[in-house]
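A.B. asks: After the sequence you'll find the predicted model.
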Amino acid sequence: MTDHVLSFSSPIPPLLETKSDHCRLRIRFNQLSRERRLLTCLLVLFAIIMCGLLIGIFILSLTFQGRAPIVYREINTTNIGTSYGVARYGESCDYDNGCESPFICHKKSSSSPGMCRCPMDYDFKRDKCVGDLNALCTKDIDCQQYMLCSGMNDGTRRCQCQKHFDYDNDKRQCRGDYQAPCESNIDCRTNLVCNKTVTPSVCSCELFYQYHPAIRKCRGDPGAVCDRATAECVDNAECRDGACECSKQFVPDENKTCVDPCPLQTPNPSRIRYPGNCRKFIDCQQKSKTECPEPTMFNLRKQLCDYPKECARLSIKFFPSPSSSIIYLFFFRVESQTCDKMNQYDPCAKNYACTCFHRLDGPNATICIDEFSISCSELIPCESSTNRCYEAEHICVRHPRCNQLPVCYPVPIFNQQLCPSIPKIVEKF
């Protein structure tokens, strides 16, 4: 009976099996979709981060293009070539360690080769790096000439100008004030020169310039050579035609200052003679100076330019006295007058500007000169070995306003139109 035993199995219906596969596939699809969306989000986030980094790198490259790396460290200028690196100043490099100390590798961009340069605030001078103003330092030799390594309030030591020196931003160096030590003119402030005639050489004023401590400047006397752009003339003077001249109605006096010859109240008539020059006159009302054209001279009575003979005729004045007549006779002549038995620069005429000069081109020769009638910039030196003038109608004299130098003075200036004789007293009984 056992052969007839039947075995039964429960077959799964095909429809149920299909539904189960479909569910598994849907669950798997949903899982894959979530993973894909997460991966996509991560990829987008990564792309955004990378774009931000690229933009940041681009901005930084534009900002620091052409700049050397900033190095904040104390500089030792005495160990050049004694430590790491092989490249010297001006040679190519890829990094700071490739340069000899204390040089650094200066790069315009990360992709281009660099060049060994001095660190920030240091310049390469005299085969070494020297500190500019406010550069970090350890000793005086680290700083440029005329600077000291000084302690600051913040505890650092930095390069500062010495006493009597000021920093020139244009020249990028310390330049000396009056009487400061120097080696050349560039070491001195504007309108100062390095005077090498003394030891040690010091900064001083140019010829015909005087130092004024109140303004810490040299100012040119009347007649001093000047440049209109940088000129500093004395009070009431200005740079005109390459020389300092008294402005408006002002005239030079024996103290090399410009004074006002007009009285406090405007005279009537308003025009007066110019001291020491018969061809010029001063208008006290208009506050001006005028020179008459050749060959005229200023006529005080007529208040205009007139011929010389008319001016000379008006120069004779009489001052009567009850008992006698005192006649002050002023007369002109073309010939120059001598001043024998007078010392050098003694007054020799009615005009206070005329003094006695001893000629250098002849023995015991003297002549009366108006020393203010011509500026030193218009005069030429005498021949050094013979003290002679090779230009026609010139003689050699030593001039006090020209630093006592032998100069050639034009002969036509030596006449009594400029230096009238001292009045002769004639008594009439």
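C.D. replies: Received the coordinates, thanks.
A.B. asks: Once you drop chain neighbours, what's closest to the residue most central in space within the chain?
C.D. replies: The centroid of the chain falls nearest to Thr190 when counting by Cα atoms, centre = their mean (4.0 Å). Among residues not flanking Thr190 along the chain, Thr230 sits closest, at 6.5 Å (Cβ to Cβ, 6 or more residues apart in numbering). All C-beta atoms are positioned from the backbone trio N, CA, C, and that covers glycine.
A.B. asks: distance of that neighbour from Ser288?
C.D. replies: Look at Thr230 and Ser288: by Cβ to Cβ, to the nearest Å, they are 26 Å apart.
A.B. asks: likewise Ser109?
C.D. replies: 66 Å.
A.B. asks: still on that earlier bit, ok, the residue nearest to Thr190 touching Arg189?
C.D. replies: No - with contact defined as Cβ atoms under 8 Å, Thr230 does not count as touching Arg189 (11.5 Å).
A.B. asks: The two: which is more packed in?
C.D. replies: Arg189 (18 against 9; other Cβ atoms under 10 Å).
A.B. asks: Confirm for me that that one is in contact with Cys205.
C.D. replies: No - look at Arg189 against Cys205 with Cβ under 8 Å: they stay out of range, at 11.0 Å.
A.B. asks: so what's the closest residue to Cys233 other than its chain neighbours up against?
C.D. replies: Counting by Cβ to Cβ, 6+ apart, Cys233 lies nearest to Cys244, which is 3.8 Å off, once chain neighbours are set aside. Neighbour list for Cys244: 220-224, 226, 231, 233-234, 237-238 [criterion: Cβ atoms under 8 Å, 6 or more residues apart in numbering].
A.B. asks: do the same with Asp94
C.D. replies: Contacts of Asp94 (Cβ under 8 Å, 6+ apart): 105, 113-114.
A.B. asks: Go through these and give me the one with the most neighbours.
C.D. replies: Gly114 (23 neighbours).
A.B. asks: Is that residue bridged to anything, and to what?
C.D. replies: Cys93 (DSSP bridges).
A.B. asks: Hmm, it is touching Asn97, no?
C.D. replies: No - with contact defined as Cβ under 8 Å, Gly114 does not count as touching Asn97 (11.8 Å).
A.B. asks: per the record, what domains does the protein have?
C.D. replies: Segmentation of the chain into domains, based on automatic domain parsing, reads 92-161, 176-252, 261-305, 315-429.
A.B. asks: Minimum distance to Arg24: which of these has it?
C.D. replies: domain 92-161 (55.9 Å; Cβ to Cβ).
A.B. asks: that older thread, redo the contacts of Asp94 as JSON lines? Include pLDDT and distance to Cys305.
C.D. replies: Output for these, formatted as JSON lines (pLDDT from 0 to 100; distance: Cβ to Cβ, whole Å):
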{"residue": "Cys105", "pLDDT": "89", "distance to Cys305": "77"}
{"residue": "Pro113", "pLDDT": "85", "distance to Cys305": "78"}
{"residue": "Gly114", "pLDDT": "88", "distance to Cys305": "76"}
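A.B. asks: And stretch 356-371, end to end?
C.D. replies: Terminal residues of stretch 356-371 are spaced 9 Å apart (Cα to Cα, to the nearest Å).
A.B. asks: actually stretch 376-385, not the one I wrote
C.D. replies: 21 Å.
A.B. asks: what does that stretch rub up against?
C.D. replies: Here stretch 376-385 has contacts from 208, 223-225, 242-243, 360-361, 388-391, 396, 399, 401-402, 405-409, using Cβ under 8 Å, 6+ apart.
A.B. asks: Go again with 10 Å.
C.D. replies: For stretch 376-385, contacts defined as Cβ atoms under 10 Å, 6 or more residues apart in numbering pick out 207-208, 221-226, 241-244, 360-361, 387-391, 394-399, 401-403, 405-410.
A.B. asks: Quick check: closest non-adjacent residue to Arg158.
C.D. replies: With Cβ to Cβ, 6+ apart, the residue lying closest to Arg158 is Asn134, at 5.0 Å.
A.B. asks: Kindly provide the distance from the one you found to Glu232.
C.D. replies: 30 Å.
A.B. asks: Show me which of those two is the more surrounded one.
C.D. replies: More crowded of Asn134 and Glu232, by other Cβ under 10 Å: Glu232, with 20 against 13.
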